[in-house]
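In: Quick one: sequence and predicted model below, then my questions.
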Amino acid sequence: MQISIEELTDGVHQINLEGDPNSITISDEEVSFTTPLSIKGTLTVNEDSIILQATLSTQADLECSRCLKPIKVPISGKIAVLYEKSDRVISDPKDISDGDDVEILDYDTKSLGISHRIEELVQLVLPVKPLCSVDCKGLCSICGINFNEATCTCKSARVDPRWDVLQALLKEE
């Protein structure tokens, strides 16, 4: 996703962008998005820098990690980046990495590429273990029935035989 800065004058400029959520890459995740990426915020421009402050919002289709039911999860977060315009050459590229919230731009830069910022934010905001509800009961490990919808008659899992000695102590009391 690109933001054109070629014709921006000094001052605060509102931005309101929508983008294709399939244009971003989320590594090691099976995620699809149901709504476009919405980016709203401001660009504060002056002679030597540009400050991007924006809010990202979209909606992701995921699976509940307990019952595997499809769920929709709202995704939102803030992006804040300082773009410094400079003619200097950075002697050591390790000084400024992709994870920093500062980027160096040439004075003749015509647009800001923010796709990597969006991908990073979505990766951070996605839940590690998405749940359909906090009290989701999950699936039976034997027959696979969804405990939120019904109960089953499966025997509970076998007890590890190493605990038999302790179980015997409880019976003596």
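Out: Structure received.
In: who touches the nearest residue to N146 once chain neighbours are set aside in this structure?
Out: Of all residues not flanking N146 in the chain, C67 sits nearest, at 5.1 Å (Cβ to Cβ, 6 or more residues apart in numbering). Bear in mind the C-beta positions are built from the backbone N, C-alpha and C, glycine included. Counting by Cβ atoms under 8 Å, 6 or more residues apart in numbering, C67 touches C132, C136, K137, G138, L139, N146, F147, N148.
In: which stretches of the protein form strands?
Out: Under the criterion DSSP state E, strands of the chain are mapped to 2-4, 11-19, 32-33, 37-45, 49-63, 70-85, 102-105, 111-113.
In: so which of the ones you listed gets nearest C154?
Out: Closest approach to C154 among these (Cβ to Cβ): strand 49-63, 22.7 Å.
In: So for V45, what's the nearest residue that isn't a sequence neighbour?
Out: Excluding its sequence neighbours, the residue lying closest to V45 (Cβ to Cβ, 6+ apart) is L8, at 4.9 Å.
In: Could you pull up the residues touching that neighbour?
Out: Taking Cβ under 8 Å, 6+ apart, we find L8 in contact with L43, V45, I50.
In: need the longest helix for the protein.
Out: Counting by DSSP state H, the longest helix found in the chain is helix 115-125.
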